[in-house]
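> heads up, no residue letters with this:
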Ligand SMILES: [Zn+2]
């Protein structure tokens, strides 16, 4: 029998992980207990909740669960624990570089305001990185359900912390609401400040939302982007410009974007030459972490070890990791494949 290489040992970069969504389910239960928060049954059932995001009601329910989980993060200690555990889980899954995504607005009221919230988060990332040896950076993400002026304020804040670990600016929440171009000024501020533009697109809505991210926000990376598979010309454009799509297969299936793991168009993007960085999105709600995404590529899409190694390389090249970190990870990937 051919020996099966362990995907948790394949070095990779993790570029799509949300802050609260990275929490261990056991930690959520402990924190809820600590603060006397009564969690929705879907979060205490011991298995990932049944979700549906293909309509607004389903998406709303997903957001409600997310909000309930976030309401258990109240003190700097909780933030430090969340980030440290996210780093530990990533290391266990073979990640050598993690970019975690956060909208500090949601945490600001409990942490003393926006500036303290950002500082607590960045300090926590710094500490977790030192404790675990995992390279970590932060993407600050605006919420497209809020006013574009809020996004501009966030972009300015993100730029201000560019030398403290913020490497990118994102845009999340329901793609069906508002237009990408409403946020063009915020993204211009972020880009001018040297940040990487990485908005969500092509998840809940089709190829046009990916095009908008490219045309209006000058995205260097796309959160998800899988729906680009429906448009060959768009795939070509992503491939030509080497725009990395942060593809999250388990999330896509959990939210009903695709029915089954084999329906996620990993092959289509891969064959078209679109670089991908597989990500876990919200392991708390979807029940699987980073290595499991590569496992889906192997099991449901027949990716060979050489192809899985190439996926890992794409994740590293799409990251904001410094050259020496990238070189080390790429060498590790070669070792994994030849070992
Ligand atoms: Zn996401």
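Noted; the coordinates are in hand. In this text the structure is predicted, and so the values were computed from the model without any measurement.

> Residue 183: what's it in contact with?
Residues near residue 183 by CB atoms under 8 Å, 6 or more residues apart in numbering: 142, 144, 148, 151, 171, 199, 216, 217. Placement of C-beta: from N, CA and C, glycine included.

> how does it look with 6 Å?
Shown in contact with residue 183 (CB atoms under 6 Å, 6 or more residues apart in numbering): 148, 151, 171.

> Before we move on, what's the pLDDT of it?
Looking at residue 183, its pLDDT is 97.

> ok, now residue 40?
88.

> before we move on, what about the one 10 residues further on?
In the prediction, the pLDDT value recorded for residue 50 is 79.

> what kind of secondary structure is it in?
Assigned by DSSP: H, G, I helix; E, B strand; the rest coil, the conformation of residue 50 is coil.

> Could you tell me how far the nearest residue to residue 207 once chain neighbours are set aside is located from residue 319?
With sequence-adjacent residues excluded and distances taken as CB to CB, 6 or more residues apart in numbering, residue 207 is closest to residue 231, at 3.8 Å. Distance of residue 231 to residue 319, given as CB to CB, to the nearest Å: 26 Å.

> between the two, who's got more neighbours?
residue 319 (27 against 17; other CB atoms under 10 Å).

> if I pick that one, what's in contact with it?
13, 15, 97.

> For the longest helix belonging to the chain, what is the distance to the chain centroid?
Criterion DSSP state H: the longest helix present in the chain is helix 114-132. Mean-position distance between helix 114-132 and its chain equals 18 Å (CA atoms, centre = their mean, to the nearest Å).

> and that helix, what does it pack onto?
Where contact means 3 or more CB pairs under 6 Å, 6 or more residues apart in numbering; DSSP states H and E, helix 114-132 is packed against helix 76-92, helix 108-111, strand 135-143.

> Mean pLDDT lowest where, among those?
helix 108-111 (a mean of 92).

> Return the set of buried residues in that one.
Within helix 108-111, the residues scored as buried using 16 or more other CB atoms under 10 Å are 110, 111.

> Please apply the same query to stretch 80-96.
Quick answer for stretch 80-96 (16+ other CB under 10 Å): 80-87, 89-91, 93-96.

> same deal with stretch 118-134?
Buried residues in stretch 118-134 (16+ other CB under 10 Å): 118, 119, 120, 121, 122, 123, 124, 125, 128, 129, 132, 134.

> Just put these in CSV and tack on pLDDT.
Listed next are those as CSV, based on pLDDT from 0 to 100:
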residue, pLDDT
118, 97
119, 97
120, 97
121, 98
122, 98
123, 98
124, 98
125, 98
128, 98
129, 98
132, 98
134, 98
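
> biggest separation within these, which pair?
Within those, two members stand farthest from each other by CB to CB: 118 and 132, at 21.2 Å.

> Could you identify the most distant pair in the buried residues of stretch 80-96?
80 and 94 (23.6 Å).

> Hmm, residue 206 and the residue nearest to residue 207 touching each other?
No: using CB atoms under 6 Å as the test, residue 231 is too far from residue 206 to be in contact (7.8 Å).

> could you pull out the helices for the stretch 201-339 of the chain?
207-217, 232-240, 249-254, 266-272, 283-286, 290-301, 305-317, 323-338 (DSSP state H, counting those that start in this stretch).

> coming back round to it: just curious, which of the contacts of residue 319 is nearest to residue 164?
residue 97 (17.4 Å).

> just to revisit the earlier point, so the longest helix of the chain versus strand 135-143, what angle?
Relative orientation of helix 114-132 and strand 135-143, computed by axes from the mean of the first three to the mean of the last three CA atoms, to 10 degrees: 150 degrees.

> Quick check: buried residues in the helix or strand where residue 61 lies?
Residue 61 belongs to helix 56-70 when elements are defined using DSSP states H and E. Of the residues in helix 56-70, 58, 59, 61, 62, 65, 66, 68, 69, 70 count as buried by neighbour count, 16+ other CB under 10 Å.
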